[in-house]
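S.K.: this is the structure alone, sequence omitted:
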Ligand code: AHR
């Protein structure tokens, strides 16, 4: 099966290289009917899908550098090196348990028995800690002394070769739990630093929430998000931010489903659980993958607001992942799940006098988040989903008719379960149906017309998860190749052309750590210091940055250009800004000479063309070489209302054309 898959991809790549001739007629004239704009392009058209997979949250966008800061992993000392629990001068107990603190019960107790005693514990970070020379790092710890004790803590950063890289000291602890803070200035840039705490003095001390954050976070927020990763996302200008997933919403079982209420309020009270991607992939196991929820629902809403995206939270519908435990909540016990949805709307949009609105205000956001969408269930299928969805819809539509509901069509792009979901949901009232397709690249070319025949008046489509997969997701050689990005771009011209049906679309997954991934391809890769945009990222960026507000027909010989002569095109206009955008994808190895006839508007003499291309379909960007495939801008001449131009082999092109508005 796997071998056959690889052979198919190879044949497809060879076809693209032109060893097998391309199909279709030669296209010479392309008419862009800019004076006949059609459907609106929604502001939500191109968005992002965030899931905590591939260490996207802890170890990724959430800038905490200490792994297992609160000793709540299944093995409480995970991530910590305790040279010896008993060194002759003292002892430590890594899993002290306090039932009085149910959401964060474990802490570490250190006993120093000898006045000359010191004890060290070292945190390895998430595959190391990225630190930058001269950067400030904020260290904090929650601590209390027990008995008559006098203890000092030295917190020190050091390199894998044990070279010091900055330190600080804390003392003056008391007998009650308090948070103590100090900062470290890094003396070196390191990809894989570690944090060592040396405790000296005499007596006993309890430690919890041992934390280290860069001072330089997104928008300078204390203990916030990694700036470089958020900037990459913000640069996409996404119309929406879907969170928190994905299968993570469902959990492998219901106990470990995503529950938004345990992710808000003070971070130390957010109840850590296992991440479902921890041991999901047999050959990409990550036993140290948990969810601290330092990035919780409040932070997601804030992130969406910061980057100008609509928030699209997806909630568990009373079912755990049907690929795993497949647990379901009896229909007559679904009320708490529905109440979670109602309370979430109150958290986002409620008055600050209401319980959940007040919590939002206490967390720092008295203003409403203006939530407009909510998703019920992720990749659920069959009657069990429809029965549960119906109960959610009934109450949500009656209590919150202003909120648009996103329902799901299951994990496949077609077939019995997909058809069943659509036929049943059509009898109900969702605003959008979420479709998922992780398919081979040629599927994306063939499906550029997928939405041409969808019902224009019915439920709208949310293409909520898609990516061209050249290999299996866990295959170490599975890459974000140029081939995958090119085929996605061809497909996206079909989404754009059908903007009256497709209201939202997002590539998935969004983020991956180069040393800690479970699934690929992914849109943005990062290590502990840097980020890298894939070719797929630049395709998304081109479509989203040059979105336009209305669709413009693009025709060749009177028909939409959807693969004739291996060319795919779509066009949009932004009348207010006086911009016409034309996207043309050439999926063949041959250069094409085309005449673009621009329609009856008033243009200048020159336009801009942004091109993304490579002559190697299997090329990809890396952190070290992030611009192998990168957009290039060039001027093109406009003659009257025409552009006579070449479309490079295997290229994605956006023409940005100014016109006079009256
Ligand atoms: O994007 C990775 C996973 O793919 C998502 O969690 C799930 O919805 C889909 O199966």
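M.R.: Nice, I can see it. Here the structure is a predicted model, which means the values were calculated and not measured. Numbering: from 1, shown residues only.
S.K.: from here on, contacts and neighbour counts on C-alpha atoms
M.R.: Fine.
S.K.: for stretch 197-214, buried residues please.
M.R.: 197-214 (16 or more other Cα atoms under 10 Å).
S.K.: tell me how far whichever residue of the chain sits closest to the ligand lies from residue 646.
M.R.: Closest to the ligand within the chain is residue 246: 3.3 Å, counting by Cα to the nearest ligand atom. Residue 246 sits at a distance of 41 Å from residue 646 (criterion: Cα to Cα, to the nearest Å).
S.K.: next: residue 383.
M.R.: Taking Cα to Cα, one finds residue 383 at 52 Å from residue 646.
S.K.: ok but residue 453 is inside a helix, no?
M.R.: No - with DSSP: H, G, I helix; E, B strand; the rest coil as the criterion, residue 453 is coil rather than part of a helix.
S.K.: returning to what we had before: neighbour-wise, which of residue 246 and residue 646 wins?
M.R.: residue 246 (23 against 11; other Cα atoms under 10 Å).
S.K.: and residue 362, its phi and psi?
M.R.: Dihedral pair for residue 362: phi -60, psi -30, per degrees, to the nearest 10.
S.K.: count the residues that sit near it.
M.R.: Other residues within reach of residue 362, judged by other Cα under 10 Å, total 13.
S.K.: try residue 172
M.R.: For residue 172, using other Cα under 10 Å, the count is 11.
S.K.: on the three-state scheme, it is what?
M.R.: Here residue 172 is recorded as coil under three-state DSSP.
S.K.: how much space separates it from residue 145?
M.R.: 10 Å.
S.K.: hmm, back to that, before we move on, what's the pLDDT of the residue of the chain closest to the ligand?
M.R.: On pLDDT, residue 246 comes in at 97.
S.K.: which residues in the stretch 201-350 of the chain form strands?
M.R.: Here the stretch 201-350 of the chain has its strands, by DSSP state E, counting those that start in this stretch, at 240-243, 273-274, 290-291, 310-315.
S.K.: ok, back up a step: pretty sure the residue of the chain closest to the ligand contacts residue 376?
M.R.: No - counting by Cα atoms under 8 Å, residue 246 sits too far from residue 376 to count as a contact (11.6 Å).
S.K.: hmm, who's touching stretch 497-509?
M.R.: 39-42, 44-51, 53, 451-452, 454-456, 459-467, 495-496, 520-523, 540, 551-553, 570-571 (Cα atoms under 8 Å, 6 or more residues apart in numbering).
S.K.: list buried residues within these.
M.R.: Listed as buried from the contacts of stretch 497-509 are 39-42, 44-51, 53, 451, 454, 459-467, 495-496, 520-523, 540, 551-553, 570-571; burial here means 16+ other Cα under 10 Å.
S.K.: point out the residues in the stretch 301-450 of the chain that sit beside the ligand.
M.R.: Residues of the stretch 301-450 of the chain lying close to the ligand (Cα under 6 Å from any ligand atom) are residue 379.
S.K.: flag the shaky bits of the stretch 301-450 of the chain, pLDDT-wise.
M.R.: Scanning the stretch 301-450 of the chain for pLDDT under 70 picks out nothing.
S.K.: helices of that one, start to end?
M.R.: 335-349, 355-362, 382-399, 416-426, 441-446 (DSSP state H, counting those that start in this stretch).
S.K.: with distance to residue 606 added, can I get those helices in CSV?
M.R.: CSV is the format used below for those (distance: least, Cα to Cα, whole Å):
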stretch, distance to residue 606
helix 335-349, 46
helix 355-362, 50
helix 382-399, 50
helix 416-426, 46
helix 441-446, 31
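S.K.: residue 227: which of those helices is closest?
M.R.: In terms of Cα to Cα, the element of these nearest to residue 227 is helix 355-362, at 23.2 Å.
S.K.: so what's the gap between that closest one and the chain middle?
M.R.: How far helix 355-362 lies from its chain's middle: 26 Å, per Cα atoms, centre = their mean, to the nearest Å.
S.K.: how about residues contacting it?
M.R.: Outside of helix 355-362, the residues that reach it under the criterion Cα under 8 Å, 6+ apart are 265, 298, 343-344, 346-352, 366-367.
S.K.: give me that answer again for 6 Å
M.R.: Helix 355-362 is contacted by residues 346, 347, 350, 351, 352 when judged by Cα atoms under 6 Å, 6 or more residues apart in numbering.
S.K.: what does stretch 269-280 give?
M.R.: Counting by Cα under 6 Å, 6+ apart, 103, 262, 263, 285, 286, 287, 289, 290, 291, 292 sit against stretch 269-280.
S.K.: got TSV for the residues you listed, with distance to the ligand too?
M.R.: Formatted as TSV, the contacts of stretch 269-280 follow (distance: Cα to the nearest ligand atom, whole Å):
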residue	distance to the ligand
103	26
262	20
263	19
285	15
286	16
287	18
289	15
290	15
291	15
292	18
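S.K.: which among those end up buried?
M.R.: Buried members of those, counted by 16+ other Cα under 10 Å: 262, 263, 286, 287, 289, 290, 291, 292.
S.K.: nearest residue to the fifth one other than its sequence neighbours?
M.R.: Spatially, and ignoring its direct neighbours in sequence, residue 289 is nearest to residue 278 (4.9 Å; Cα to Cα, 6 or more residues apart in numbering).
S.K.: ok, the one you found - how many residues close by?
M.R.: By the criterion of other Cα under 10 Å, residue 278 has 20 neighbours.
S.K.: okay but residue 590 is in contact with residue 650, surely?
M.R.: No - if you go by Cα atoms under 6 Å, residue 590 and residue 650 don't touch, sitting 7.7 Å apart.
S.K.: low pLDDT regions in this protein?
M.R.: Within the chain, the segments meeting pLDDT under 70 span 1-25, 27, 84-88, 116, 662.
S.K.: which residues of it lie near the ligand?
M.R.: Proximity of the chain to the ligand (Cα under 6 Å from any ligand atom) is limited to residues 245, 246, 247, 379, 508, 509.
S.K.: may I have the phi/psi pair for the last one?
M.R.: Meaning residue 509. The phi/psi pair for residue 509 (degrees, to the nearest 10) reads phi -80, psi 170.
S.K.: for it, give its distance to residue 288.
M.R.: Distance from residue 509 to residue 288, by Cα to Cα: 20 Å.
S.K.: higher neighbour count, the two?
M.R.: More neighbours surround residue 509 than the other of residue 509 and residue 288, with 25 against 18 (other Cα under 10 Å).
S.K.: domain-wise, how is this structure divided?
M.R.: 9-38+552-658, 48-64+233-525, 80-214 (automatic domain parsing).
S.K.: of these, which stretch is the most buried?
M.R.: Stretch with highest mean neighbour count among those: domain 48-64+233-525 (a mean of 21; mean count of other Cα atoms under 10 Å).
S.K.: could you tell me the end-to-end distance of it?
M.R.: Using Cα to Cα, one end of domain 48-64+233-525 lies 14 Å from the other.
S.K.: the helix or strand harbouring residue 150 - contacts with which helices or strands?
M.R.: Using DSSP states H and E, residue 150 maps to strand 136-158. Under the contact definition 3 or more Cα pairs under 6 Å, 6 or more residues apart in numbering; DSSP states H and E, strand 136-158 sits against strand 164-170, strand 178-185, strand 190-214.
S.K.: show me what the first one is in contact with.
M.R.: This points to strand 164-170. Here strand 164-170 makes contact (Cα under 6 Å, 6+ apart) with 152, 153, 154, 155, 156, 157, 158, 184, 185, 186, 187, 188.
S.K.: for the third one, what are its contacts?
M.R.: Under the criterion of Cα under 6 Å, 6+ apart, the neighbours of residue 154 are 168, 169, 197, 198.
S.K.: what's across from it in the sheet?
M.R.: residue 169, residue 198 (DSSP bridges).
S.K.: distance of it relative to residue 540?
M.R.: Counting by Cα to Cα, the gap from residue 154 to residue 540 is 46 Å.
S.K.: give me the beta-bridge partners of residue 584?
M.R.: Beta-bridge pairing of residue 584 under DSSP bridges involves residue 569, residue 653.
S.K.: what does the one 10 residues further on give?
M.R.: With DSSP bridges applied, the residues forming beta bridges to residue 594 are residue 645.
S.K.: out of the buried ones among the contacts of stretch 269-280, which two sit at the greatest distance?
M.R.: Top of the distance list for the buried ones among the contacts of stretch 269-280 (Cα to Cα): 262 and 286, 23.0 Å.
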